[in-house]
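Enquirer: Predicted model and sequence follow; I will ask about them next.
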Amino acid sequence: MSVSDAGRQEVADGLSDEEFVDALPKVELHVHLEGSMRPRTLLALARRHGVDDLPTDIEGLTKFYEFRDFDHFIEVYLAAVRVLRDADDFAVLARETALGLAGQGVRYAEITFTPFLHIQRGIDADELFGGIERGRLDAERETGIQVRWVTDIPGLPNMNLRPASEGTVEFALNRRESVIALGLGGPEVDVPRPQFAEAFTVARDAGLHRVPHAGETTGARTIWDALEYLHAERIGHGIRALDDPALVEHLRAHHIPLEVCPTSNLRTGVVADYPDHPLPTLIELALPVSLNSDDPPMFGTTLRDEYLHALRSLGLRRDQVVGLAAAAVEHSFAPAPLKDALRAEIAAAADRVQAAS
């Protein structure tokens, strides 16, 4: 759909794109807690803890978040998370992240965080988890948003990966009250996925869901590895699935969802610009996909923005965007009663949009 087509749709529906997106209940499946730190919070924590090698104002932080490539993004990410030092810091981060999502109409979110990054810096695991749980529950009491955690193994080339893997799985299994899944991040080309097979097998056997990143910066082989070795139920990003028609057919036949994050892919240089993004093709091929924000402040986006970009920059129709919102519900690990309620909310929103047309 062209920009002019989008304008005609707004007139026909009687709703602006903003009104349409705001009326749509949402689920967020791929967003990182540490990457959701608000700029002013990062600056305040840096001052509080004397982290003096980071930018000291919003303008400087904006330039700091101009990434040359994916490896540079990881470098900046690791520098930024050093401002998180105690339970209060993590409580503020979790509360602000959840409230920010709730303000965009998000009813349920599965938020990824990377405990081993902090534990290896000497932060006590119980203090860390106590902080994010306090923030999560505060936000739920204030807005009703429900948040569950995905613990991410930091697949970084300069890290001792066995302790990172084992420590992350142990952390997750000891905190099942709100941790529902195991993830895996980091540079795919430097850290092949098969070496994490043992950790993901332990997670599977213990009943944890598996949602590794794959096919973001490398080709289809990484996704195959995530399926074969990591027992992946969803794939973080996964846009390079299009490199392999056999993989496309496999994902479609086995209904393995992709968590797609368009602006993230642009900001890390994985995709050149919105018209080049493969999301419309993934939808055309009937692959199960959801729309997500990844590291919103670092990429200058929000989940709301991603839905607007889907309409305006990627040319999706409104019914396709409603489909993305509905797919996020189906792909989530939310309990059945909550899924039923979310399905009903999205159906009601779709009916309101249809009635306005």
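Expert: Happy to help now that I have it.
Enquirer: any idea how far the closest residue in space to Leu101 that isn't next to it in sequence lies from Pro163?
Expert: Excluding the flanking residues, the one nearest Leu101 by Cβ to Cβ, 6 or more residues apart in numbering is Ala109, at 5.3 Å. Quick note: C-beta positions are derived from backbone N, CA and C, even for glycine. As for Ala109, its distance to Pro163 is 29 Å (criterion: Cβ to Cβ, to the nearest Å).
Enquirer: who's more crowded, the two?
Expert: Ala109 (28 against 12; other Cβ atoms under 10 Å).
Enquirer: which helices and strands does the helix or strand the more buried one falls within pack with?
Expert: For Ala109, the host element (DSSP states H and E) is strand 106-113. Counting contacts by 3 or more Cβ pairs under 8 Å, 6 or more residues apart in numbering; DSSP states H and E, strand 106-113 packs against strand 26-32, helix 87-102, strand 146-154, strand 179-185, helix 336-356.
Enquirer: Which among these is found nearest to Pro278?
Expert: When the helices and strands packed on strand 106-113 are compared by Cβ to Cβ, strand 26-32 sits nearest Pro278, at 15.8 Å.
Enquirer: Which positions in the closest one come out as buried?
Expert: Within strand 26-32, the residues that qualify as buried are Lys26, Val27, Glu28, Leu29, His30, Val31, His32, counting by 16 or more other Cβ atoms under 10 Å.
Enquirer: pretty sure Gln116 is touching Asn160, no?
Expert: In this structure residue 116 is Phe, not Gln. No. When contacts are counted by Cβ atoms under 8 Å, Phe116 is not listed as touching Asn160 (10.0 Å).
Enquirer: between these two, who's got more neighbours?
Expert: Taking other Cβ under 10 Å, Phe116 and Asn160 do not tie; Phe116 has more neighbours (22 against 10).
Enquirer: what sits against the more buried one?
Expert: Taking Cβ atoms under 8 Å, 6 or more residues apart in numbering, we find Phe116 in contact with Ile153, Pro154, Pro163, Ala164, Gly167, Thr168, Phe171.
Enquirer: Give me the secondary structure label for it.
Expert: For Phe116, the assignment made with DSSP: H, G, I helix; E, B strand; the rest coil gives helix.
Enquirer: how close does it sit to Ala164?
Expert: 5 Å.
Enquirer: what do the two both touch?
Expert: Between them, Phe116 and Ala164 share these contacting residues under Cβ under 8 Å, 6+ apart: Ile153, Pro154.
Enquirer: And the helices in the stretch 101-250 of the chain?
Expert: Shown for the stretch 101-250 of the chain, the helices assigned by DSSP state H, counting those that start in this stretch span residues 115-119, 125-143, 161-173, 197-205, 220-230, 245-253.
Enquirer: so how far is the last one from its chain's centroid?
Expert: Computed by Cα atoms, centre = their mean, to the nearest Å, the separation of helix 245-253 from the middle of its chain amounts to 23 Å.
Enquirer: what comes into contact with it?
Expert: Residues from elsewhere that reach helix 245-253, judged by Cβ under 8 Å, 6+ apart: 220, 223-224, 227, 235, 238, 241-242, 256, 258, 285-288.
Enquirer: Now do the contacts for the nearest residue in space to Ala326 that is not next to it in sequence.
Expert: Nearest residue to Ala326, sequence neighbours excluded (Cβ to Cβ, 6+ apart): Ile346, at 5.2 Å. Shown in contact with Ile346 (Cβ under 8 Å, 6+ apart): Leu24, Pro25, Val322, Ala325, Ala326, Val329.
Enquirer: picking up where we left off before, between the helices of the stretch 101-250 of the chain, which gets nearest to Ala94?
Expert: In terms of Cβ to Cβ, the element of these nearest to Ala94 is helix 125-143, at 2.8 Å.
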